[in-house]
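Colleague: Show me how the following folds:
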Amino acid sequence: MKLLVNFSRGKGRKPIIAQVVRDTGVLINVERANIDSSEGEALIDVPDDQCRLVRDTMTGLGAQVRILEHGINLNDSECVDCGACISVCPREVFSFDPEWKLVLQEEKCILCGKCIDACPHRALTLPL
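Modeller: Residues are numbered from 1 along each chain as shown. Model (predicted):
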């Protein structure tokens, strides 16, 4: 399960993800992170059965955590199967099936948003 973690460094420079791994024993895969001197956002992947434990532990350390049930959203009625999203995606989330219909593997998505900018029909959106 993917979690979107936002945190502020105003309370110190504690390594939140390392602390959670140590305290819970849950291995965390960081799929994307954007961290500067004052705040950060990380998209992490954890085992489904330990998602709530990780969320609660991170929340207790001062982070804001959102469980993401879905990756990128595809509006089939707007999509024209042009494939513009395929070339910009760093995780190969998009492909064509044998009939040249766009296929989305949202479990691979790291929510970078590159496909949204590339889509000429605005058929892709980030989850709310």
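Colleague: What separation is there between the residue most central in space within the chain and Val80?
Modeller: Nearest to the mean C-alpha position of the chain, counting by CA atoms, centre = their mean, stands Ile110 at 3.9 Å. Distance, Ile110 to Val80, by CB to CB, to the nearest Å: 24 Å. Glycine gets a C-beta too; all of them are placed from N, C-alpha and C.
Colleague: Burial check on the closest residue to Ile28 other than its chain neighbours, number of neighbours?
Modeller: Spatial nearest neighbour of Ile28, excluding adjacent residues (CB to CB, 6 or more residues apart in numbering): Ile44 at 5.1 Å. Ile44 is flanked by 22 other residues according to other CB atoms under 10 Å.
Colleague: Give me the residues contacting the helix or strand containing Ile44.
Modeller: According to DSSP states H and E, Ile44 maps onto strand 39-45. When contacts are defined by CB atoms under 8 Å, 6 or more residues apart in numbering, strand 39-45 is touched by residues 1-9, 17, 28-35, 54, 68, 110-111.
Colleague: Export only the CA atoms of it, formatted as PDB.
Modeller: Output of strand 39-45 as PDB, limited to C-alpha atoms (Å, rounded to 0.1, in the frame of the first residue of the first chain):
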ATOM      1  CA  GLU A  39       9.800  20.300   4.800                       C
ATOM      2  CA  GLY A  40       9.400  17.200   2.800                       C
ATOM      3  CA  GLU A  41       7.100  14.900   1.000                       C
ATOM      4  CA  ALA A  42       7.700  11.200   0.400                       C
ATOM      5  CA  LEU A  43       5.700   8.500  -1.300                       C
ATOM      6  CA  ILE A  44       6.400   5.200   0.400                       C
ATOM      7  CA  ASP A  45       5.200   1.700  -0.200                       C
END
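Colleague: For this protein, which segments count as helices?
Modeller: Taking DSSP state H, the helices of the chain run over residues 16-24, 51-60, 84-88, 114-118.
Colleague: hmm, who's touching the last one?
Modeller: Meaning helix 114-118. With CB under 8 Å, 6+ apart, helix 114-118 has contacts from 72, 84-85, 87-90, 93-94, 122, 124-126.
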